[in-house]
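**Student:** sharing a model prediction with you, sequence too.
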Amino acid sequence: MVFLFLLSIALPAQAAPNPTYQARAEQLLRLLTSPGDEADYFSSLFLDAVPVDRWHAVAADLRAQHGKPLALGAVRQDSATAGQVEIRYERATVGFTLVVAPQPPSRVVGLRIVGARTANDSMAKVMAEIAALPGATSFAVATLGEGPPQLRAAHRADAAMAIGSSFKLTILAELTRAVDAGERRWSDVIPLGPKSFSGRLLHWPDRAPMTLHSLATAMIAESDNSATDTLLLALGRDKVDAMLATTGHANPDRALPLLTTAEAFALKMPANADLRGRYAMAAPDARGALLRDAASRLTADKVDVGSVAEVPTAIDSIEWFASPKDMIGLLDWLRLHGGEALPVLAVNPGIPPADAKRWRYLGYKGGSEPGVMAMSFLAQRQDGTWYAVSSSWNDASARLDEPKLVALMTRALNVLAE
């Protein structure tokens, strides 16, 4: 999805809506249809960031994807100078955040694409496109209620797939269980570490005091690997591993023990090919013993990120594995027991803001690395109905077109929301 710069400008508050906002929304339709008059429409500050030729390319790309712009749809002002505008194309409705300057002539200072809804879409169409992606894919949608999750749509829903950082939901579930049992409090403070090889907290001081809540939020909303490894080891790997059975994982032996992020990528290093081979062939108990015996070889400082950043590496053996049904069971467990975990899940909705706002609640965790992408959502519709949606895409031979899966999952959620 193409994003235009939304310039961060402090605009003076106004008592009444800007009377030219509707006119600027109507002019956007004309500019998207054919080029011209950009200098009169956009501020010079905007055009410094998004030159006219780039704007033309974006508008052309939208026409190529969605057909001709046909009409102005909903216009919603959040303030006198900012709001959201929908443009109806032949094959989709595209949402934009539009910001105009408060001073005459109220030129546009910010514009950003925030989502697209495909016209006449259906879950069957979305699922067929997911199934047609190169490599291996899986997908499932379930309605959540008082009993077990009820599948509404499924494509290889039982297939165990590499899920990348989505495994961090299991750590969040164990933290939730420990808090509910009185063993922990969200406000408990523990030292940061061991650190992993990436993420914002990597650059924080060693053993910096962190609350469990802060670590969980960094782990889920930012997928911070240092927060993840700190929590996994602080809570106890055995207890986190046990959550797979608690949440109904169909094949724990395929997934256990849950690796720290440092261990997983250290095992992928060429220097540890011997360990990797032994680990892949071992039973869960033997894998655990190998991790303990080789601990000095599996630390974050042994990871050369560049060596695994370009091509898929051991994604069928050194990974975190779950099926869409496993992920749906985990999400349903969090729905029923999550408490403070649910706001944490909702910090990063995983899809464009305009699409996320169609839901009363939207929680998300995904994961990706070369050859691996997974997206899982816990969603409550405006009428109160709960859903879980999960998909994974693996290709051991090539990097993935990640925006394509984001677009497909956004469409799936939009179909459910409507």
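**Tutor:** Happy to help now that I have it.

**Student:** what about Val100, how many neighbours?
**Tutor:** Residues lying near Val100 (other CB atoms under 10 Å) number 25. Heads up, the C-betas are built off the backbone N, CA and C, glycines and all.

**Student:** ok, now Ser44?
**Tutor:** 9.

**Student:** got the buried residues for the helix or strand hosting Ser390?
**Tutor:** Here Ser390, judged by DSSP states H and E, is contained in strand 386-394. Residues of strand 386-394 classed as buried by neighbour count (16 or more other CB atoms under 10 Å): 386-394.

**Student:** list the contacts of Leu416.
**Tutor:** The neighbourhood of Leu416, defined by CB atoms under 8 Å, 6 or more residues apart in numbering, consists of 123, 141, 379, 381, 387, 389.

**Student:** per-residue pLDDT, it?
**Tutor:** We have a pLDDT of 96 for Leu416.

**Student:** did I read that right, it in a helix?
**Tutor:** Yes - assessed with DSSP: H, G, I helix; E, B strand; the rest coil, Leu416 lies in a helix.

**Student:** gap between it and Tyr89?
**Tutor:** Distance of Leu416 to Tyr89, computed by CB to CB, to the nearest Å: 22 Å.

**Student:** thinking again about what came up before, ok, so of the contacts of Leu416, who is nearest Gly110?
**Tutor:** Checking the contacts of Leu416 against Gly110 with CB to CB, the nearest one is Ala379 at 28.5 Å.

**Student:** so where do the strands sit in the stretch 251-400 of the chain?
**Tutor:** Per DSSP state E, counting those that start in this stretch, the stretch 251-400 of the chain carries strands over the ranges 321-322, 361-369, 372-380, 386-394.

**Student:** quick one, which of the ones you listed gets closest to Ala157.
**Tutor:** Here strand 386-394 is closest among the strands of the stretch 251-400 of the chain (CB to CB), at 8.5 Å.

**Student:** with only the CA atoms kept, save the closest one in PDB.
**Tutor:** These are the backbone C-alpha positions of strand 386-394, laid out as PDB (Å, rounded to 0.1, in the frame of the first residue of the first chain):
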ATOM      1  CA  TRP A 386     -16.300 -11.900  18.300                       C
ATOM      2  CA  TYR A 387     -14.100 -13.400  15.600                       C
ATOM      3  CA  ALA A 388     -10.600 -14.800  15.300                       C
ATOM      4  CA  VAL A 389      -8.800 -14.600  12.000                       C
ATOM      5  CA  SER A 390      -5.400 -16.200  11.300                       C
ATOM      6  CA  SER A 391      -3.200 -16.800   8.200                       C
ATOM      7  CA  SER A 392       0.300 -17.900   7.500                       C
ATOM      8  CA  TRP A 393       2.400 -17.800   4.300                       C
ATOM      9  CA  ASN A 394       5.700 -19.800   4.000                       C
END
